[in-house]
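Visitor: below is the sequence, then the predicted model.
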Amino acid sequence: LLINSLTLKNYGPEVEKIFGPIRFFVIYFLSGFAGNLVGLWYGPYHQMSLGASGAIFGVIGALLAHIYRTENKVTVNPTGISVNSLLFTIGINVLYGMQ
């Protein structure tokens, strides 16, 4: 919960600024829904879960996609967020989620 909260606090405002509040909500909601469906289908007990990790990965994925799309057009990353920090955050979330 703490890692998800910190991730959302660090990257959420930037994603909301880039995509707008409505698109941010759609990204967050659909990513969370899809993440929980994947957990239902591929989880060991095929049971519903309620978590925000899928939504967090969706927010980071949207930010990575934006950086990738705009990086080829400008010389400086417009968000000021390094791809390495995003990949590190993904790694921490994956490792924490495996516990």
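Guide: Sure thing, it's come through. Numbering: from 1, shown residues only.

Visitor: residues in contact with the strand or helix carrying A55?
Guide: Using DSSP states H and E, A55 falls within helix 53-71. Defining contact as Cβ atoms under 8 Å, 6 or more residues apart in numbering, one finds that helix 53-71 is touched by 4, 7-8, 11-12, 14-15, 18-19, 24, 27-36, 38-39, 77-79, 81, 83, 86, 89-90, 93, 97. C-beta: built from backbone N, CA, C; applies to glycine.

Visitor: give me the buried subset of these.
Guide: Burial by neighbour count, 16 or more other Cβ atoms under 10 Å: within the contacts of helix 53-71 this picks out 4, 7-8, 11-12, 14-15, 18-19, 24, 27-28, 31-32, 35-36, 39, 79, 81, 86, 89-90, 93.

Visitor: just the ones of these in helices?
Guide: 4, 7-8, 11-12, 14-15, 18-19, 24, 27-28, 31-32, 35-36, 39, 86, 89-90, 93 (DSSP state H).
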